[in-house]
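**Q** A predicted structure for the sequence below; I have some questions about it.
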Amino acid sequence: MAKGHFNLGVIVPAVLGTAGLLIACKWAALQRWRHASPGHARLWAAGWALFALWLASLLFFWSRLLGMGLAPAQVPPVQAIVVLGSATLDGGPRPPLAARLDTAAALARLQPQALIAVCGGVDWGEKESEAEIMARYLQQRHGIEPGRLVLEKHSTSTELNLRLSRPLLAERGVGADAPMAIVSSDFHLMRVMAMARRQGLGDAHPVAAPTPPTMRFNAWLREYFAMASSWALGEV
């Protein structure tokens, strides 16, 4: 939060930690309230039961994320490598996005015939789109030829990353049924592949970029809520 990061993966732990401190500080008073009536006791038990159910669902979701995605060397031949956008800062990629681009570059070296689609619109406070920043990073850091790059510069979500990049790839001869690799952070791939299937991308291979250890817990927690939101919106 001190660095300006406000999302559910950051806010929820802060709220839970604050609630835990308040419960600890007011424990004696809470116990007196709990024993004051049977209704209070039932409400107390129900609250903890709901919290336990939520925690169990979170742990189950995290267990599903483990091992998602392929390493670049495991990917079969593809016609396109689609790199999904993430946050940028001061004209450069933040660490999770840099990891996605480094992973895509490793795959691009193994499959020099594949086009590389970089996806994402303009972040808040930025002057360039994520796609433009990603393309520059791949060219300057990894020596990727500009002719291999396809820039999708208008999307504002994962769902739009996939949807808006399709016609651009089609213009370069890569149809929806063509084999392609989708590169994203490891925790993100379950939701990505559900969206890809819903959009008719039948031969898409998930490629996992590592999440920086300092961001892993917050990212995985945020993804829990993002998956729920995508399900509610009918994206997955």
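**A** Perfect, thanks for sending it. Numbers count the residues shown, from 1 in each chain.

**Q** identify the residue nearest the most centrally placed residue in the chain in space, chain neighbours excluded?
**A** By CA atoms, centre = their mean, the mean C-alpha position of the chain lies nearest to residue 188, the distance being 3.7 Å. Leaving aside its sequence neighbours, residue 188 sits nearest to residue 223 (CB to CB, 6 or more residues apart in numbering; 6.4 Å). C-betas here are computed from N, CA, C, even on glycine.

**Q** which SSE is immediately downstream of the helix or strand where residue 17 lies?
**A** Per DSSP states H and E, residue 17 falls inside helix 8-25. Downstream of helix 8-25, the next assigned helix or strand under DSSP H and E is helix 27-34.

**Q** compute the inter-axis angle for that following helix and helix 8-25.
**A** Here helix 27-34 runs at an angle of 80 degrees relative to helix 8-25 (axes from the mean of the first three to the mean of the last three CA atoms, to 10 degrees).

**Q** for helix 27-34, C-alpha coordinates in PDB please.
**A** Output in PDB follows, covering the C-alpha atoms of helix 27-34 (Å, rounded to 0.1, in the frame of the first residue of the first chain):
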ATOM      1  CA  TRP A  27     -11.100 -10.900  23.200                       C
ATOM      2  CA  ALA A  28     -12.400 -10.700  26.800                       C
ATOM      3  CA  ALA A  29     -15.300  -8.300  25.800                       C
ATOM      4  CA  LEU A  30     -16.200 -10.500  22.800                       C
ATOM      5  CA  GLN A  31     -16.300 -13.600  25.000                       C
ATOM      6  CA  ARG A  32     -18.700 -11.800  27.500                       C
ATOM      7  CA  TRP A  33     -20.900 -10.800  24.500                       C
ATOM      8  CA  ARG A  34     -20.700 -14.400  23.100                       C
END
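
**Q** how far away is residue 90 from residue 198?
**A** Separation of residue 90 from residue 198 (CB to CB, to the nearest Å): 35 Å.

**Q** ok, residue 224 next?
**A** For residue 224, the distance to residue 198 equals 20 Å [CB to CB].

**Q** more neighbours, those two?
**A** Legend: neighbour count by other CB atoms under 10 Å for residue 224 and residue 198, higher for residue 224 (19 against 14).

**Q** what helices and strands are in contact with the longest helix along the chain?
**A** Longest helix in the chain, counting residues (DSSP state H): helix 38-65. The contact analysis (3 or more CB pairs under 8 Å, 6 or more residues apart in numbering; DSSP states H and E) places helix 38-65 against helix 27-34, helix 189-198, helix 216-232.

**Q** thank you kindly, that will do.
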